[in-house]
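Participant: starting from these lines, generate the structure:
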Amino acid sequence: MDALNPEQQKIVEHLDGPALVIAGAGSGKTRVIIHRVARLIERGVPPSAILMVTFTNKAAEQMTHRLGGMIAQKGLAGKVVSGTFHSLANRFLRRYAALVGFRSNFTILDMSDSRDLVKAVVSDVMGKKDRQFPKAAVIQNLISLAFNKNKSLAEVVREDNYWLLEFLPDLERIAGGYAKKKRANNTMDFDDLLDNWNLLLADHPEVGLAKQLRYLLVDEYQDTNLIQAEIVEKLSREHGNLMVVGDDAQSIYGWRGANFENILHFPDRTGAVTYRLEENYRSTPNILELANSSINHNQAQFRKKLRAVKPPSVPPSIVHLSDWREEANWLVDRVLAYQDEDIPLREMGVLYRNHAQSAELQIRLTERGIRFVVRSGVKFFEQAHIKDVISFLKVVHNPLDELAWLRLLKMLPGIGNVTAQRIYHIFLDQRAVRLTAENLHLKKAIPAKAKAEWMKLTVAFKSIIAEGMTPTAMIEGVHQLFYREYLYTAHDNPRERETDLKVLAEFAGKYRSLETFLAQLSLVGATVIRDHEEEQAGREDYLTLTTIHQAKGLEWRVVLLIGAVDGQLPHRDCLEPASRLEEERRLFYVAVTRSKQYLDITVPLVSFRFGGYEICPPSRFVEELPEGVAQVSKIGDVERFVPDRPYAAGFSVEF
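Facilitator: Have a look, this model is predicted:
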């Protein structure tokens, strides 16, 4: 136990009864959990009576492996019951499925299976649709979100997806049909695993596997939803030996159902002893001073002050720049400067609130030959909604581009691969693309349910093929006249995707010629980036680009946090109520505490916002920092910056 500090030692020696461990960033919580389990085994607790709940299978495997290296009888580590909530639910339900109305050979639906089943229910419930109806993936996401937030489908639609209100009655019928079909098919999706496990524990407290468990440890407790919190408390209702470990200051997943009140009110609900891990092994005192100063503005929290083990280093820097383009150029130069100091790329991370913020940077890094990977999803120019809009421009440039035509035709209701190919072959046979009412062959090929959308498509094309239209104007025209309605029913997160389209339009503003734009897009936006990624697949040294949400749990020697402006961080949709703003501040806290030594925060004066580019104030999280916690500098003529073109122009969003 000599490897533990006094704070950690107290937690490991905790005997019986509930306990809450507030584990600050970089405080060694995994070490504490493993030592705690080892201590229980040393005290004679059978490993099979200990349950470790983690949020990833990888974390469970790593903990079991490390535990095996600590205890004398290494084989005992494998007997500890461990896993994610979903894997443990599957283990319980296989044994007791009949008690919740299923057979033990039930099938688990993955995300793709679930989406396909929703699609089948939509067909059963709706039959032939004569309007643009939400896609199965959107409906699946709504149903899951309602479960994880413990809300009705109507509440989820009204609060965060109000553009789908007109479909609500049908969506509720589909959700009901989906639930019935799963039960009839003896299948469960991921949410059902949790729901049925919770029902099993509520209605049948006598189940053997639950009674066997005497000591429970739950990691990342701040990320649990209401159902998960109920499950672990039911598992511990007889013995009360429930220890939950987490950091309220890193609770950043409320938008997908994590319930912040689970950790905040755990002591009140259970009478738990509260321990705090405040000794930080990751960051320098300079970084922790900034982090502590920021998070202290939150009211709903467990007060703590992280203390550094490392010696002081250089203070963080806050850099004000003219716009996002200057920001990208500065970041590239900064990365190269760190390389000159013998810091490898793999020790650097670029963090941002929204994936679209990395678009300009991806281009600059590619141009300068700096290796990078994106952890936050698909490369910007490879995203489905970006490729959708580009397909319109491709057929304007080359009317017989088969792939582009097939992609955009399948956006219309009732048109699949077969019908799309039939329409395309009409173009080939006629040696022209005639989108007119007089084209009788084409008129017959368009399904009845697609007629209305086809008319919108033709209007959009007539608009964007006008002489002198720039690529930017074409993108905006396609979006306004056709794609926006499709976007809001075909994709989740449509507002963020709409911001991506604004970024695309801005990128296109550099080019007057459609041919030049498409060539450059193919060269820089797709081929070069894809080849670049493949080239680096076997290499270790690369710069990481990631959203802050994806960065949680990771660390780098250098962290570059970009786009620290109001509207991005905090996000424009999270300024009210106070609870949402405080989660955004926790997100800022998570970002800065990923850094081990160097932290740079960039504040571009001109940035993109929902509906257009405009002058943005610095993030309130930056403005509220006390003087002296960071070095502040200004690059370029920030004070008198006047944009050379109207940044707020372009499509806007109104309801």
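Participant: may I see the buried residues of the host helix or strand of residue 337?
Facilitator: When elements are assigned from DSSP states H and E, residue 337 belongs to helix 324-340. If you call a residue buried by 16 or more other CB atoms under 10 Å, then helix 324-340 has these buried ones: 324-332, 334-335, 338-339. Heads up, the C-betas are built off the backbone N, CA and C, glycines and all.
Participant: need the helices for the stretch 551-655 of the chain, in chain order.
Facilitator: Assignment of helices within the stretch 551-655 of the chain using DSSP state H, counting those that start in this stretch yields the ranges 578-592, 620-623.
Participant: ok, now the stretch 401-550 of the chain?
Facilitator: Using DSSP H, counting those that start in this stretch, the helices found in the stretch 401-550 of the chain span residues 402-409, 417-430, 440-445, 451-464, 471-478, 484-490, 494-508, 514-520, 529-536, 548-551.
Participant: what angle do the second one and helix 402-409 make?
Facilitator: Yep, that's helix 417-430 we're talking about. Helix 417-430 and helix 402-409 are oriented at 130 degrees to each other (axes from the mean of the first three to the mean of the last three CA atoms, to 10 degrees).
Participant: could you find the closest non-adjacent residue to the most centrally placed residue in the chain?
Facilitator: By CA atoms, centre = their mean, the mean C-alpha position of the chain lies nearest to residue 549, the distance being 5.9 Å. Once its chain neighbours are removed from consideration, residue 549 has its nearest residue in residue 252; the separation is 6.3 Å (CB to CB, 6 or more residues apart in numbering).
Participant: now do the SS call for the one you found.
Facilitator: coil (DSSP: H, G, I helix; E, B strand; the rest coil).
Participant: and it, how far is that from residue 589?
Facilitator: Applying CB to CB, to the nearest Å, one obtains 9 Å for the distance of residue 252 from residue 589.
Participant: next: residue 345.
Facilitator: Shown here: residue 345 relative to residue 589, a distance of 25 Å by CB to CB.
Participant: do residue 561 as well
Facilitator: Look at residue 561 and residue 589: by CB to CB, they are 11 Å apart.
Participant: what do you get for residue 310?
Facilitator: With the distance defined as CB to CB, residue 310 ends up 18 Å from residue 589.
Participant: who's more crowded, the two?
Facilitator: In this view residue 310 and residue 589 are compared by other CB atoms under 10 Å, and residue 589 has more residues nearby, 23 against 17.
Participant: surely the more buried one touches residue 292?
Facilitator: No. Here residue 589 does not reach residue 292: they are 9.0 Å apart, not a contact under CB atoms under 8 Å.
Participant: before we move on, the earlier item: I'd like the next helix or strand past the helix holding residue 337.
Facilitator: The first helix or strand that comes after helix 324-340 along the chain, using DSSP H and E, is strand 348-352.
Participant: who does that next one touch, helix- and strand-wise?
Facilitator: Packing contacts for strand 348-352, counted by 3 or more CB pairs under 8 Å, 6 or more residues apart in numbering; DSSP states H and E, involve helix 324-340, strand 543-547, helix 548-551, strand 556-561.
Participant: need the ones you listed in JSON lines (columns: distance to residue 69).
Facilitator: Compiled in JSON lines, the helices and strands packed on strand 348-352 are given as follows (distance: least, CB to CB, whole Å):
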{"stretch": "helix 324-340", "distance to residue 69": "35"}
{"stretch": "strand 543-547", "distance to residue 69": "29"}
{"stretch": "helix 548-551", "distance to residue 69": "28"}
{"stretch": "strand 556-561", "distance to residue 69": "27"}
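Participant: dump those to TSV, plus distance to residue 243 and mean pLDDT.
Facilitator: Formatted as TSV, the helices and strands packed on strand 348-352 follow (distance: least, CB to CB, whole Å; pLDDT from 0 to 100):
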stretch	distance to residue 243	mean pLDDT
helix 324-340	40	94
strand 543-547	31	93
helix 548-551	26	92
strand 556-561	30	98
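Participant: so the helix or strand hosting residue 294 versus strand 556-561, what angle?
Facilitator: Using DSSP H and E, the secondary-structure element containing residue 294 is helix 285-295. An angle of 40 degrees separates the directions of helix 285-295 and strand 556-561 when computed by the same axes, to 10 degrees.
Participant: quick one, longest strand in this structure?
Facilitator: Taking DSSP state E as the assignment, the strand of the chain that covers the most residues is strand 595-609.
Participant: distance from that strand to the middle of the chain?
Facilitator: 20 Å (CA atoms, centre = their mean, to the nearest Å).
Participant: name the helix or strand of this structure that has the lowest mean pLDDT.
Facilitator: For the chain, using mean pLDDT, DSSP states H and E, the weakest element among its helices and strands is helix 529-536, scoring a mean of 46.
Participant: quick revisit: from residue 560, how far out is the residue nearest to residue 549?
Facilitator: In this structure, residue 252 and residue 560 are 19 Å apart, going by CB to CB.
Participant: these two: who's more crowded?
Facilitator: Set residue 252 next to residue 560 and count neighbours by other CB under 10 Å: residue 560 wins out with 27 against 23.
Participant: residue contacts, the more buried one?
Facilitator: Counting by CB atoms under 8 Å, 6 or more residues apart in numbering, residue 560 makes contact with 331, 334-335, 348-351, 600, 602.
Participant: go with 10 Å
Facilitator: With contact taken as CB atoms under 10 Å, 6 or more residues apart in numbering, residue 560 is in contact with 317, 319, 327, 330-331, 334-335, 338, 348-352, 361, 543, 545, 595, 598-602.
Participant: and what of residue 584?
Facilitator: By CB under 10 Å, 6+ apart, the residues touching residue 584 are 252, 353, 548, 568-571, 573-575, 619-621.
Participant: rewinding a little: and the angle from the longest strand of the chain to helix 285-295?
Facilitator: Using the same axes, to 10 degrees: strand 595-609 against helix 285-295 is 50 degrees.
Participant: offset the numbering so it begins at 22, please.
Facilitator: Shifting the count to begin at 22 puts that one at strand 616-630.
Participant: now strand 616-630: mean pLDDT?
Facilitator: For strand 616-630, the per-residue pLDDT values average out at 87.
Participant: try stretch 402-421
Facilitator: Averaged across stretch 402-421, pLDDT comes to 83.
Participant: and what of stretch 103-120?
Facilitator: Within the predicted structure, the mean pLDDT of stretch 103-120 is 88.
Participant: burial count for residue 160?
Facilitator: One way to gauge burial is a neighbour count; for residue 160, by other CB under 10 Å, it gives 26.
Participant: now it: which helix or strand?
Facilitator: Under the criterion of DSSP H and E, residue 160 resides in helix 157-169.
Participant: next helix or strand past that helix?
Facilitator: Reading on from helix 157-169 to the C-terminus, the next helix or strand found by DSSP H and E is helix 174-181.
Participant: tell me how far that following helix lies from the chain's centre.
Facilitator: When distances are taken as CA atoms, centre = their mean, helix 174-181 is centred 20 Å away from the chain's centroid.
Participant: go on, stretch 79-99?
Facilitator: So, by CA atoms, centre = their mean, the centroid of stretch 79-99 is 31 Å from its chain's centroid.
Participant: tell me what the helix holding residue 160 is packed against?
Facilitator: On a contact count with 3 or more CB pairs under 10 Å, 6 or more residues apart in numbering; DSSP states H and E, helix 157-169 meets helix 132-147, helix 174-181, helix 189-205, helix 211-224, helix 247-256, helix 505-511.
Participant: tell me the buried residues in it?
Facilitator: Residues of helix 157-169 classed as buried by neighbour count (16+ other CB under 10 Å): 157-169.
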